[in-house]
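Colleague: Predicted model and sequence below, questions to follow.
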Amino acid sequence: MRVSSVSVVIIILAIFATSLYAQGARDYFDRGKAEIESENHRAAILNFDAAIKLKPDYSDAYMERGLAKVFLGDKNGALSDFNKVIKLQPTNINAYEMRANVRSSLHDFKGAILDFDKVIAHDPHNSMSIWGRGLAKNGLGDNLSALSDLDKAIELSPDVAMYYIDRGKIKMMEERYRDAITDFDKALLLNPPYKAWAYLYRGRAKLSIGDKQSALSDLRLAKQMGDRDAATLLKQLGE
């Protein structure tokens with residue numbers, strides 16, 4: 001069958017138009033990435049919107065738009081975008097990891113655990129996902145399994161202070177106050193920027209074992225660092 005010259009022209013124009021749309025989508029995507037790096041997240045989202053309008057299956061644009069929405073606190077919007085990425089790319093592990101964190105923040109702990117499981121199966125040494133899964137298990141009240149995950153996260157990344165703080169908090173829930181204090185001690189030795197939390201929770205743990213003077217010292221330090229919970233607790237204790 002012979003193809004007419006008109007048909008050939010139409011095909012060429014269609015290919016050219018598709019190329020222009022793809023290039024335009026890429027330009028908007030690059031602008032969006034630049035806006036994220038400049039912390040202009042609303043502007044970034046507008047650029048990703050434009051990229052997706054030109055290329056509705058642009059999974060990278062959905063991913064980056066989801067990240068921008070996370071920064072703006074739009075958890076449901078971010079969840080929708082990560083869902084779209086996973087629909088377009090069912091093996092995108094980064095999307096599962098991001099969706100897991102968003103699901104956990106929305107208290108969909110069961111969904112979060114399923115996503116963290118996928119990430120950990122892909123990378124058994126991903127301490128952040130193991131930590132995140134542990135917190136999700138804690139959200140479901142499964143503290144023993146949560147502690148097991150926190151133990152593993154610390155084994156893999158022993159220099160992350162937040163892991164010790166969160167493990168200590170879970171131990172407090174289990175009334176293992178002295179063990180919790182040991183974790184808060186370790187967190188403070190790492191000198192994290194969020195030391196106030198460690199002082200606050202260590203103070204609470206010390207109160208639970210009757211070590212009031214040492215507890216007050218910790219709570220005062222937390223208050224000096226701007227922790228409002230410590231200030232409230234001190235007031236309740238007559239300070």
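Modeller: Nice, thanks for sending it over.

Colleague: Would you mind splitting this structure into its domains for me?
Modeller: The record's domain parsing of the chain by automatic domain parsing lists 27-90, 100-153, 159-239.

Colleague: what's near enough to touch Gly168?
Modeller: Contact partners of Gly168, counting by C-beta atoms under 8 Å, 6 or more residues apart in numbering, are Asp179, Ala180, Ile181, Thr182, Asp183, Phe184, Ala187, Tyr201, Arg202, Ala205. Where you see a C-beta, it was placed from the backbone N, CA and C, and this is true even at glycine.

Colleague: Tally up the residues packed near the third one, please.
Modeller: When neighbours are defined as other C-beta atoms under 10 Å, Ile181 has 24 of them.

Colleague: what separates it from Ile209, distance-wise?
Modeller: Counting by C-beta to C-beta, to the nearest Å, the gap from Ile181 to Ile209 is 8 Å.

Colleague: How about the fifth one?
Modeller: Spatial separation of Asp183 from Ile209 under the definition C-beta to C-beta is 14 Å.

Colleague: as a whole number, average confidence for the helix or strand where Glu35 lies?
Modeller: Here Glu35 sits within helix 5-37, counting by DSSP states H and E. Per-residue pLDDT over helix 5-37 has a mean of 63.

Colleague: What of stretch 81-97?
Modeller: Across stretch 81-97, pLDDT averages out at 97.

Colleague: Please measure how far the first residue of it sits from its last one.
Modeller: One end of stretch 81-97 to the other measures 13 Å (C-alpha to C-alpha, to the nearest Å).

Colleague: got the residue ranges for the helices in this structure?
Modeller: 5-37, 41-54, 59-71, 75-88, 93-105, 109-122, 127-139, 143-156, 161-173, 177-189, 195-208, 212-224, 228-236 (DSSP state H).

Colleague: Buried residues, the fourth one. List them.
Modeller: Applying a neighbour-count criterion of 16 or more other C-beta atoms under 10 Å, the buried positions in helix 75-88 are Gly77, Ala78, Leu79, Asp81, Phe82, Lys84, Val85, Ile86, Leu88.

Colleague: Could you check how far the closest residue to the second one other than its chain neighbours is from Val119?
Modeller: Computed as C-beta to C-beta, 6 or more residues apart in numbering, the closest residue to Ala78 that is not its neighbour in sequence is Lys69, at 4.0 Å. For Lys69, the distance to Val119 equals 20 Å [C-beta to C-beta].

Colleague: what about this structure, any weak spots by pLDDT?
Modeller: Applying pLDDT under 70 to the chain flags the ranges 1-23.

Colleague: Wait, Lys55 touches Ala61, no?
Modeller: Yes - contact criterion C-beta atoms under 8 Å: Lys55 and Ala61 qualify, at 7.3 Å.

Colleague: who has more neighbours, those two?
Modeller: Neighbour count, other C-beta under 10 Å: between Lys55 and Ala61, Ala61 has more, with 28 against 19.

Colleague: and the nearest residue to the more buried one once chain neighbours are set aside, what does it touch?
Modeller: In space, and not counting its chain neighbours, Ala61 is closest to Ala51: 4.3 Å by C-beta to C-beta, 6+ apart. Taking C-beta under 8 Å, 6+ apart, we find Ala51 in contact with Ala25, Arg26, Tyr28, Phe29, Gly32, Tyr58, Ala61.

Colleague: Nearest residue to the middle of this protein?
Modeller: With distances taken as C-alpha atoms, centre = their mean, Asn101 lies nearest the centre of the chain, 4.4 Å away.

Colleague: Fine by me, we can end here.
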